[in-house]
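A.B. asks: Okay, predicted coordinates and the sequence, questions at the end:
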Amino acid sequence: MDLRAGDSWGMLACLCTVLWHLPAVPALNRTGDPGPGPSIQKTYDLTRYLEHQLRSLAGTYLNYLGPPFNEPDFNPPRLGAETLPRATVNLEVWRSLNDKLRLTQNYEAYSHLLCYLRGLNRQAATAELRRSLAHFCTSLQGLLGSIAGVMAALGHPLPQPLPGTEPAWAPGPAHSDFLQKMDDFWLLKELQTWLWRSAKDFNRLKKKVQPPAAAVTLHLEAHGF
Amino acid sequence: MWMSKTWLVQAFFIFITTESIGKLLDPCGHISPESPVIQLGSNFTAVCVLKEKCMDNFHVNANYIVWKINHFTVPKEQYAILNRTASSVTFTNITALSVQLTCNILTFGQIEQNVYGITVISGLPPEKPKNLNCIVYEGKKMMCQWDPGRETYLETNFTLKSEWATEKFADCQTKRATPTTCIVDYSPVYFVNIEVWVEAENALGKVSSNHINFDPVDKVKPSPPRNLSVSNSEELSSILKLSWINPNIKSVIRLKYNIQYRIKDDSTWNQIPPEDTSTTRSSFTVQDLQPFTEYVFRMRCMKEDGKGFWSDWSEEASGITYEDRPSKAPSFWYKIDPSHTNGYRSVQLIWKTLSPFETNGRILDYEVTLTRWKSRLQNYTVNDTKLTVNLTNDRYIATLTARNLVGKSDPSVLTIPACDFQATRPVMDLKAFPKDNKLWVEWTAPNESVRKYILEWCVLSDKLPCILDWQQEDGTTHRTYLRGNLVESKCYLITVTPVYADGPGRPESIKAYLKQAPPSQGPMVRTKKVGKNEAVLEWDQLPVDVQNGFIRNYTIFYKTIIGNETAVNVDSSHTEYTLSSLTSDTLYMVRMVAYTDEGGKDGPEFTFTTPKFAQGEIEAIVVPVCLAILFTTLLGVLFCFNKRDLIKKHIWPNVPDPSKSHIAQWSPPTPPRHNFNSKDQMYSDSNFTDVSVVEIEPNDKKPLPDDLKSLDLFRKEKSGTEGHSSGIGGSSCMSSSRPSISSGDENESAQNTSSTVQYSTVVHSGYRHQVPSVQVFSRSESTQPLLDSEERPEDLQLIDNVDSGDNILPRQQYFKQNCSQQETSPDISQFERISGSFCSGCFWSRC
């Protein structure tokens, strides 16, 4: 298009053309470039969903373990579960964590927990329990993927699995049956704490990352301009 | 399937080939490709390669190859000889789905020898599956479905594939029965996006659908809310509280709801505005409901943001709102028994039960109060809907309220006027008409303000009494329909009474039909009067029970046996009609049809015959004819009378007068009485009656016909023995039927012919076998003329009369012995009586 000074008619025609094509511009669709917000939200929802799943799963599994593990006030010392990643952390420390560290800790923790959980799955006796554990494992796998997605969206690299931290959950002769159950108990307990902590993490992240509502950028593909 | 088919065909050909060649499993050649699957409409080329050994055995080469498709030889134009051992055949645009292609050789003696055969299968490559969509039933596995596209005619496998960004899931293979749906083997993980696509594959190709990427939680169809319960509130009769248990997915996602409700007997659902139920909750209070009404509720839920699917409807739950006081005053009316007794009148107060949505509860009873001027209230509590009270002739005010558990309705007030009240001010322009299967009544309100209207109606019938039904309408109404079980083709008498503050106005009535029908019976026509050329027909009005509608008109059909039927229309108000221009002496058949608005019905046929003559016509003919005959007869008689001498001369012969004959004195002396009857006197009196007849009449019995016979015989005997005798058995002037012995003589002939004398003999032998005790006087049978002095005709006649009866025997004796004593006999009257029966001119009439 030939643009000359004073060619107001041409300008008007141009404007009209642009306006005419405006609804068809794909960039106007807000979901076209959603940013990390929705995936953080989704990850948060997933942690809540896993919390919910774990509640019913833990109840079933602790009943399967039998007393005293299924007693509400049973609070054994943390013996032999030292390899499990700890979710509890000093509040000040937690507050001071940056996004990358926060996400990395989550990712690493769930990677380990997932491995332990798969071992648990193999031991489970009843088919129904195995199904529940399998589904929970899949969901936890999904959470890992989800966290990886958020990290990718925020531009953080995925942590490389350290060779020393590879869990070896082999029911060895070193473990007595009770201690084995104790490990299972602590695995579920730690998972619960981690899910609770993750919900906090992602809620915090969500609030931090949430984009302003009005920030809609127009990418006009102005052919010919 | 088709694989096995191909195998079978091949086995068959191999069998044939081996049989012909005589060598097991050693075909003479083979076709390439072995089992082709080609696309419909494409070209196809097959090559048959012969074995050297076979060629030597049969002394053939590729030129001898004949291709056959489904047992029909393929034209040579499609062949191509590739070399000495190979021949190819090419088909263009194959449209058949399955063909059998065989390669044959033409051996010595033009015998075709089969070499090899294949089956060519055709079809289409799969189309890209479209509209892939998945649904996640809560607590179950995910199901996806898609549109497979066009028919491929080949076995096509669909595989549903799914993966996360980090992990692949197991493929989902469709089942043969459901090639467009697949249920994945794992429970989907919510809040993790999954990518799903479907691959379609058959022998001709493989194609993938578009990939869809979604969070399974956005495809959830939740379980319906459960344990829905309904509770009411005693404080508010217009609300019901619903509570339910949400599906388990509520702990994962937020829900919104649809709540629907309906009145129990209603079928249409009302929905609570969705914006009121757009957040997760487990109870809801429904407002603006009717009191004491049973409502049925159901609900469903889905993800709050609208992604996913609505759950199925929950099980229905019902609840009844709490009672409220009746919302309306009952309809209220009264009937007065017309019989008055001792200054009291029996008044029946009647009212209608309220409809269920007006009672707002269960009606416990009705309260009726009656107030007379300046007297205290009379209260009644009634469970029924009527109350009969004896009232004085004064004016009363009656009120009625309905009561339920919560309270009383507004009162219905009715003024029962005094006995001498004259109702006036009726409604005007009352009309009744059927519309939409209802009987509508319309009127114009009177000028004064009306409190309410009472409509009463009943079926008019000749057989059944008028059983009134009624309804009440507001004072502002001027058109309504009858809310009763009305029946078609019945005549309803509808009465509208306006009710004013001071009492009822004058009722107005109208008749109407809900739906008319043709009459069920036709009118019975009959003749009232039939004339020579006209007939007056009459009929009765049809009874109202058979009318089935308003009789609008009649049609009279009449015809003769041979003639055409003639129709006459008659107005419905008539009950008589005169048919004119009829033919006389003709049989007419007449029937009559009565018509309502819906059709007619004919009555029985009536036949009548018109007379030959009109009334009086016969008389008009007969009377003049009779008169004419009479007149003629009269003229004849007159003529005879005038010319009697002439006639007599011609008819009667001259008979000598026996009185002028003389015979010796034989009889006893003539009594003095007979003196005046002397022959002088007789002779002198020439004006005496010409004919004298003596009649012998039995006094007590009539002679039998045998008597006549004997008389006749007697006469014959006489005439036979005495040919000159005459005058006996001659005509009697009075009656020829009577046995009479007459001695007819004429004065004239006696006077003129003295030469001829008749001898008269009276011989009365005993009648039949009776021996007469009477002494008979026998006359001489001599032809000697009697002397004048000897003849005493009086005596003769007397003697003639003797034999008239047994009872006169004594007199006869007496007469015989002493005739002079005859005067003194008290029984002289007997003779007089005898003589009284003589004809005119009898001598004895003067005795």
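C.D. replies: Good, I have the coordinates. Numbers count the residues shown, from 1 in each chain, chains lettered A, B, ... in the order given.

A.B. asks: partners of the helix or strand where residue B:568 lies in the sheet?
C.D. replies: Using DSSP states H and E, the element containing residue B:568 is strand B:566-571. The strands beside strand B:566-571 in its sheet (DSSP bridges) come out as strand B:553-560 (antiparallel).

A.B. asks: ok, back up a step: next, the buried residues of the strand holding residue B:568.
C.D. replies: residue B:570 (16 or more other Cβ atoms under 10 Å in any protein chain shown). C-betas here are computed from N, CA, C, even on glycine.

A.B. asks: What is the subsequent helix or strand relative to it?
C.D. replies: Under the assignment DSSP H and E, the closest C-terminal helix or strand after strand B:566-571 is strand B:576-579.

A.B. asks: what's the angle between the following helix or strand past that following strand and strand B:553-560?
C.D. replies: Under the assignment DSSP H and E, the closest C-terminal helix or strand after strand B:576-579 is strand B:587-596. Put simply, strand B:587-596 runs at 160 degrees to strand B:553-560, going by axes from the mean of the first three to the mean of the last three Cα atoms, to 10 degrees.

A.B. asks: next helix or strand past strand B:587-596?
C.D. replies: Beyond strand B:587-596 on the C-terminal side, the first helix or strand identified by DSSP H and E is strand B:599-602.

A.B. asks: what lines up beside that following strand in the sheet?
C.D. replies: strand B:587-596 (antiparallel).

A.B. asks: Show me what counts as buried in the strand it pairs with.
C.D. replies: Buried residues in strand B:587-596, counted by 16+ other Cβ under 10 Å: B:588, B:590-596.

A.B. asks: With pLDDT added, can I get those in CSV?
C.D. replies: Listed next are those as CSV, based on pLDDT from 0 to 100:
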residue, pLDDT
B:588, 88
B:590, 90
B:591, 89
B:592, 90
B:593, 91
B:594, 91
B:595, 91
B:596, 90
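
A.B. asks: Run through the chain and note the low-pLDDT ranges.
C.D. replies: Using chain A here. A:1-34, A:79-82, A:121-124, A:161-175, A:210-225 (pLDDT under 70).

A.B. asks: should've been chain B
C.D. replies: Using pLDDT under 70, the flagged stretches of chain B are B:1-25, B:340, B:663-847.

A.B. asks: So which residues on it come close to chain A?
C.D. replies: For chain B, the residues in contact with chain A (Cβ under 8 Å from any Cβ of the partner chain) are B:164-167, B:186-187, B:189-193, B:215, B:217, B:251-252.

A.B. asks: All the helices of the chain, residue numbers only.
C.D. replies: I went with chain A, as the question did not name one. With DSSP state H as the criterion, chain A has helices at A:8-21, A:37-65, A:91-96, A:99-123, A:127-154, A:177-209.

A.B. asks: Chain B is the one I meant
C.D. replies: Going by DSSP H, chain B shows helices at B:2-21, B:52-58, B:356-359, B:544-547, B:617-642, B:644-651, B:679-684, B:705-721, B:747-752, B:793-802, B:809-817, B:828-836.

A.B. asks: The second one - contacts with which helices or strands?
C.D. replies: When you say that, I think you mean helix B:52-58. strand B:98-107 (3 or more Cβ pairs under 8 Å, 6 or more residues apart in numbering or on different chains; DSSP states H and E).

A.B. asks: which other residues reach the strand it packs on?
C.D. replies: With Cβ atoms under 8 Å, 6 or more residues apart in numbering or on different chains as the contact definition, strand B:98-107 has outside contacts at B:2, B:5, B:9, B:13, B:28-29, B:31, B:46, B:48, B:50, B:54, B:58-60, B:64-71, B:87, B:89, B:112-122.

A.B. asks: same check, this time on stretch B:631-645
C.D. replies: residue B:647.

A.B. asks: these two touch, right, residue B:501 and residue B:417?
C.D. replies: No. With contacts counted by Cβ atoms under 8 Å, residue B:501 stays clear of residue B:417, the gap being 11.1 Å.

A.B. asks: residues from chain A in reach of chain B?
C.D. replies: Counting by Cβ under 8 Å from any Cβ, chain A sits next to chain B at A:42-43, A:45-46, A:48-49, A:52, A:135, A:138-139, A:141-146, A:148-149.
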